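Enquirer: Give the three-dimensional model of this entry:
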Amino acid sequence: MKIASYDIVFQDVPGEVTLSLNLSQCPNRCPGCHSPQLQDDIGFPLDDGLLDGLLERYGRDVTCVCFMGGDREPAEVMRLAGHVHATGLKTAWYSGKQRLPDCFRTDVLDYVKVGPYIESKGPLPSPDTNQRMYRVENGELTDITMSFRKKGVG
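Expert: Predicted coordinates for the structure are as follows:
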């Protein structure tokens, strides 16, 4: 698994200041993808050492780490999410798959977004979106997709 870029963001996970890790080698190939460069084999291998360095640098400034992609290696996403979760930070995963993989672990993720991007349905803030964002609590998934919508919309 490779990381192409990262940034601190405020809208990807509601109520969280998030270190967003953009993972490359996306296998989904969604038409109209907003980040088609992430379909390519670009970036650096994301391993414990690189992740620890990012956490050391940004861990005090963020409340959550989000893995943006990783559908090619979901078991590795779960392993790395466990590594982050053990530090006390919240974790999130944006998957472009419609269903969660068998290796999905509710004990290492606090949020998960599922669903491919379908241009005609729009992203999470769209009232027509097919994508869903869930908060993981006590092993259960609660749909929080509506929290992305602005007041008065949808």
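
Enquirer: Given the lengthiest strand in the chain, what are its sheet partners and their directions?
Expert: Longest among the strand segments of the chain by residue count, using DSSP state E, is strand 2-9. Strand 2-9 has its sheet partners listed here by DSSP bridges as strand 18-23 (antiparallel), strand 44-45 (antiparallel).

Enquirer: So which of these is nearest Pro127?
Expert: For Pro127, the closest of these is strand 18-23, at 23.6 Å, according to Cβ to Cβ. Where C-beta positions appear, they are placed from N, C-alpha and C, glycine not excepted.

Enquirer: For that closest one, which outside residues touch it?
Expert: Contact with strand 18-23 is made by 1-10, 12, 35, 38, 43, 46, 54, 58-59, 62-70, 77, 92, as judged by Cβ atoms under 8 Å, 6 or more residues apart in numbering.

Enquirer: cool, and stretch 3-12?
Expert: 17-24, 37-38, 42-46, 50, 54, 58, 61-62, 66, 68, 92, 94, 148.

Enquirer: Now the buried members of those residues.
Expert: 18-24, 38, 43, 46, 54, 58, 62, 66, 68, 92, 94, 148 (16 or more other Cβ atoms under 10 Å).

Enquirer: is it true that Ser95 touches Arg72?
Expert: No - using Cβ atoms under 8 Å, Ser95 makes no contact with Arg72, being 10.8 Å away.

Enquirer: Looking at the two, which has the bigger crowd around it?
Expert: Per other Cβ atoms under 10 Å, whichever of Ser95 and Arg72 has more neighbours is Ser95, with 23 against 15.

Enquirer: Quick one: residues contacting the more buried one.
Expert: Contacts for Ser95 (Cβ under 8 Å, 6+ apart) come out as 69-71, 74, 112-114.

Enquirer: next one: Thr106
Expert: Listed by Cβ under 8 Å, 6+ apart, the contact set of Thr106 reads 136, 139-141.

Enquirer: what do you get for Lys2?
Expert: The contact partners of Lys2, by Cβ under 8 Å, 6+ apart, come to 23-25, 41-46.

Enquirer: Swap in 10 Å and give it another go.
Expert: Taking Cβ atoms under 10 Å, 6 or more residues apart in numbering, we find Lys2 in contact with 22-25, 38, 40-46, 69-70, 72-73.
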